[in-house]
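Novice: Take this sequence and fold it.
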Amino acid sequence: MASRTTLIIALVQVLLAGCSTATDTADHARAPVPLPASTPGGPPSLLPLWKFFGNRETNWGYKISPDGARVGWIGSHKSRMTVFFRTVGERDSGILDTHSPRSVFGFDWAADSRRVLYIQDRDGDERHHVYLMSVDSPDERPVDLTPWEGATSWVHRIVHGDPDHVVIASNRRDLTVFDLYRVSLATREATLLAENPGDVTTWLTDVAGRPRARLRQTGPTRLDLEVARAAEWARLQTFDIEEFDTRLLGVTSDGAGLWLTSSRGRDRRALVRVDIVTGAETMVHEHRDVDVDWVTVDRVTGQPVAAFAVPDYPVWHFFRPELAAAVAPLARPSSFGLRILSLDDHGRRATVEIFTERGSEHFLVEPGRDPVPLGRSESMAFADQLGTTEPVIIQARDGLRLHAYLTRPPGYRAPGPLVLHVHGGHWARDSWGYSSPIQLLANRGYAVLQVNYRGSTGYGRRFKELAVGEYAGKMHDDLIDGVRWAVAAGIADPARVAIYGGSYGGYSALVGMTFTPDVFACGVSSVGMSNLVTLLENAPPHWKLWMPLFYKYVGDPSRPEDRARLEARSPLFRARDARRPILIIHGANDQRVRLRESEQMVEALQREGKDVRFVILPDEGHLRAYGNWRNLIRHYREVEVFLGQCLGGGVGPAPGG
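Specialist: Sure, this is the predicted structure:
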């Protein structure tokens, strides 16, 4: 048997190569292995909804403080999510009482490692304020650093070496764009640091909080990367509108360059270094098949620490051998994912998440020491009742290869009921990992198919641009082809297939029920748009700079020829064609897809005598994250009962029962 040292050395070599399995090299290029239609074992026991959406053991987002002495995380307290903290190596856990019934979904440590900053909105309206609390007085009411009515604000930069100030981005001056403010944590005084001339989409500040670079939309289809030189901004590079996903990561430690993830001049987004004087670009890291998804950067040195991509299963690449060695003992024998969640200011202590499709574990790692467990996701306690998620390849009718994920519960007997779960965006993608909604559906006995249809991000520019003009067209054909694949593979019963999604996915569900009504037994639309014209005409103010992208892909309602095409691709005008039951759920305060989108669809369906159920959540918005558990439970109770009646799957015990 090999020694532990030999095993760790071998694992370090794999980690340095950039992946946890062989998927970064051979596996991804290989033809997909045929999947057995059924899965072994007996059906899972039906878990109550609170296990998935209101679990008191919920915890995630572990972050080390800048001085490395404390760790904080998001956990459950009084039926909502808030910030927990403790001293490393001690059991002195504390809880920040936000004095709000709404949950907190993330936080930042202030530079002094004692205070915590988080954002929170009011009833889902996405007009976030930045709040400040201290671990020394966790029961005191939070301080609102941005008491600016109607504005949206967030923490842009924790300033290294200045514990008394933070850089905040806000649209308080002009709702359509975001300026930078230097805000005092003591007095709340906000000083304008960088005023947006009306076309800046992204700011970059250095470790001291000084504006160093920005992306400007200098034309309807053009972006310029500019750098600060003395009292002026100078153009460094030019991008077209398809390179909108360029991310400004940091300034190099010598101040001579910028770190970006960029697809400029190439099909896939990669990590590059850009010379701050000449604009010359140096490739640092890329994945051969997909975009570099994100990069962890040391907030003090500005140096990249690790790069991540998701071709099928997640893969990663470390730039620091000592950190790769510290993480190596966490490797699992089968597929798993890894995330670097935070680093201290010395760049040694890090918090790491190891995850599968059934849950996650969190660790504190440090070179030369064994990883220290911090917490396990609540789902790990019932992981044996959860489904298995596998990457699959589906060939669309025009020959395009589509990447998808299939989740099936233990004991799935094929052909059986299937839920086609459509991701939002459309500029987004499905990835491998744990998802409460997906695992709830699997626990209720459904196979779940998630298709990264054309236009999904992560697969390069060519794949993304295949979605131009294809709303309710080839984008929807890809979903139908996914269903056909599942039926042909013997996995899905064609008479028991539902479509379900949120935002763009909600629109897709309505398209499915009206444009292809014979394919689906029922559909669930959450915050879905019904009329592409009214969606675009009622877009929130801060979408202004991104509207040219919508006009390219979807259409411009101010142009008569586009307006007619938009209406032709809107399910609102096909309500008469619906044949099967539809469930529609919407947050009343949604600022992205207005409540009217669902109201008008329900009215049209009711006029035609169709079977539709409408649920309004009065104190929620776009439903990316629910402010309280009551709404979570209600949403998914509606879904499980509706699908149970339609597809015959399991329905768990009533909430509170």
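
Novice: Going by C-alpha atoms from here, please, whenever you check contacts or count neighbours.
Specialist: Fine.

Novice: Quick check: residue 440 touching residue 52?
Specialist: Yes - judged on CA atoms under 8 Å, residue 440 makes contact with residue 52 at a distance of 7.0 Å.

Novice: If you count surrounding residues, which of these two has more?
Specialist: The neighbour comparison of residue 440 against residue 52 (other CA atoms under 10 Å) goes to residue 440, with 24 against 19.

Novice: The more buried one: what's it in contact with?
Specialist: Contacts for residue 440 (CA atoms under 8 Å, 6 or more residues apart in numbering) come out as 49, 52.

Novice: What residues of the helix or strand where it lies count as buried?
Specialist: Taking DSSP states H and E as the criterion, residue 440 maps to helix 436-443. Under the neighbour-count criterion of 16 or more other CA atoms under 10 Å, helix 436-443 has 436, 438, 439, 440, 441, 442, 443 buried.

Novice: Point out where the stretch 151-300 of the chain drops to low pLDDT.
Specialist: Across the stretch 151-300 of the chain, nothing is flagged by pLDDT under 70.

Novice: now the stretch 501-650 of the chain
Specialist: Across the stretch 501-650 of the chain (using pLDDT under 70), the flagged ranges come out as 624-625.

Novice: what ranges do the strands span in it?
Specialist: Listed in chain order, the strands of the stretch 501-650 of the chain (DSSP state E, counting those that start in this stretch) span 522-526, 582-587, 612-617.

Novice: how about the spatially most central residue of the chain, what does it touch?
Specialist: By CA atoms, centre = their mean, the chain has its centre lying nearest to residue 428, at 7.8 Å. For residue 428, the contacting residues are 456, 457, 458, by CA under 8 Å, 6+ apart.

Novice: Which single one of these is nearest to residue 597?
Specialist: residue 456 (23.1 Å; CA to CA).

Novice: and the gap between the closest one and residue 272?
Specialist: 23 Å (CA to CA, to the nearest Å).

Novice: cool, and residue 453?
Specialist: Computed as CA to CA, the residue 453 to residue 272 distance reads 28 Å.

Novice: When these two are compared, which one has more neighbours?
Specialist: Legend: neighbour count by other CA under 10 Å for residue 453 and residue 272, higher for residue 453 (31 against 21).

Novice: Doesn't residue 475 belong to a helix?
Specialist: Yes - with DSSP: H, G, I helix; E, B strand; the rest coil as the criterion, residue 475 is part of a helix.

Novice: Residue 528 versus residue 640, what's the distance?
Specialist: Residue 640 is 19 Å from residue 528, by CA to CA.

Novice: Next: residue 445.
Specialist: Distance, residue 445 to residue 528, using CA to CA: 25 Å.

Novice: and what of residue 161?
Specialist: Applying CA to CA, the value for residue 161 to residue 528 is 45 Å.

Novice: Look at those two and report which has more neighbours.
Specialist: Taking other CA under 10 Å, residue 161 and residue 528 do not tie; residue 528 has more neighbours (29 against 13).

Novice: can you count the residues close to the residue lying closest to the more buried one once chain neighbours are set aside?
Specialist: Among residues not flanking residue 528 along the chain, residue 506 sits closest, at 3.8 Å (CA to CA, 6 or more residues apart in numbering). Counted with other CA under 10 Å, the neighbours of residue 506 add up to 29.

Novice: Residue numbering should commence at 47 henceforth.
Specialist: Yes, from this point I'll number from 47; that puts the last item at residue 552.

Novice: can I assume residue 126 is in contact with residue 677?
Specialist: No - the pair residue 126 / residue 677 is not scored as a contact, 11.4 Å apart, by CA under 8 Å.

Novice: The longest helix anywhere in the chain to strand 628-633, inter-axis angle?
Specialist: Longest helix in the chain, counting residues (DSSP state H): helix 675-693. Interaxial angle, helix 675-693 versus strand 628-633 (axes from the mean of the first three to the mean of the last three CA atoms, to 10 degrees): 170 degrees.

Novice: mean confidence for the helix holding residue 486?
Specialist: The average pLDDT within helix 482-489 is 97.

Novice: what's stretch 579-599 in contact with?
Specialist: Stretch 579-599 has contacts (CA under 8 Å, 6+ apart) with 221-223, 245, 247, 263, 266-267, 287, 513-516, 575, 602-603, 609, 612-613, 637-640, 643.

Novice: Check those residues for burial and list the buried ones.
Specialist: Among those, the ones that count as buried by 16+ other CA under 10 Å are 221-223, 245, 247, 263, 267, 287, 513-516, 575, 602-603, 609, 612-613, 637-640, 643.

Novice: circling back: now render the contacts of residue 474 as JSON lines, adding secondary structure and distance to residue 139.
Specialist: Below are the contacts of residue 474 laid out as JSON lines (DSSP: H, G, I helix; E, B strand; the rest coil; distance: CA to CA, whole Å):
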{"residue": "502", "secondary structure": "coil", "distance to residue 139": "41"}
{"residue": "503", "secondary structure": "coil", "distance to residue 139": "40"}
{"residue": "504", "secondary structure": "coil", "distance to residue 139": "39"}
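
Novice: quick one: which of those is most hemmed in?
Specialist: When neighbours are counted by other CA under 10 Å, residue 502 leads the contacts of residue 474 with 26 neighbours.

Novice: ok, so what distance separates that one from residue 627?
Specialist: From residue 502 to residue 627 the distance is 28 Å (CA to CA).

Novice: picking that back up, for the contacts of residue 474, which one is nearest residue 375?
Specialist: Nearest to residue 375 out of those is residue 504 (CA to CA; 29.1 Å).

Novice: how near is the closest residue to that closest one other than its chain neighbours to residue 475?
Specialist: Closest residue to residue 504 apart from its sequence neighbours, by CA to CA, 6+ apart: residue 337 at 4.9 Å. Separation of residue 337 from residue 475 (CA to CA) stands at 12 Å.

Novice: Neighbour count: those two, which is higher?
Specialist: residue 337 (25 against 20).

Novice: so who does that one touch?
Specialist: For residue 337, the contacting residues are 314, 315, 316, 355, 356, 504, 505, 506, by CA under 8 Å, 6+ apart.

Novice: Let me have the residues you listed in a markdown table, adding distance to residue 591 and secondary structure as columns.
Specialist: Shown next, in a markdown table, are the contacts of residue 337 (distance: CA to CA, whole Å; DSSP: H, G, I helix; E, B strand; the rest coil):
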| residue | distance to residue 591 | secondary structure |
| --- | --- | --- |
| 314 | 23 | coil |
| 315 | 21 | coil |
| 316 | 24 | strand |
| 355 | 28 | strand |
| 356 | 28 | coil |
| 504 | 22 | coil |
| 505 | 24 | coil |
| 506 | 22 | coil |
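
Novice: ok now the helix or strand containing residue 96, how far from the chain's centre?
Specialist: Assigned by DSSP H and E, residue 96 belongs to helix 95-99. A distance of 20 Å separates the centroid of the chain from that of helix 95-99, by CA atoms, centre = their mean, to the nearest Å.

Novice: what's the nearest residue to residue 423 if we skip its chain neighbours?
Specialist: Using CA to CA, 6+ apart, the nearest residue to residue 423 is residue 406, at 5.3 Å.
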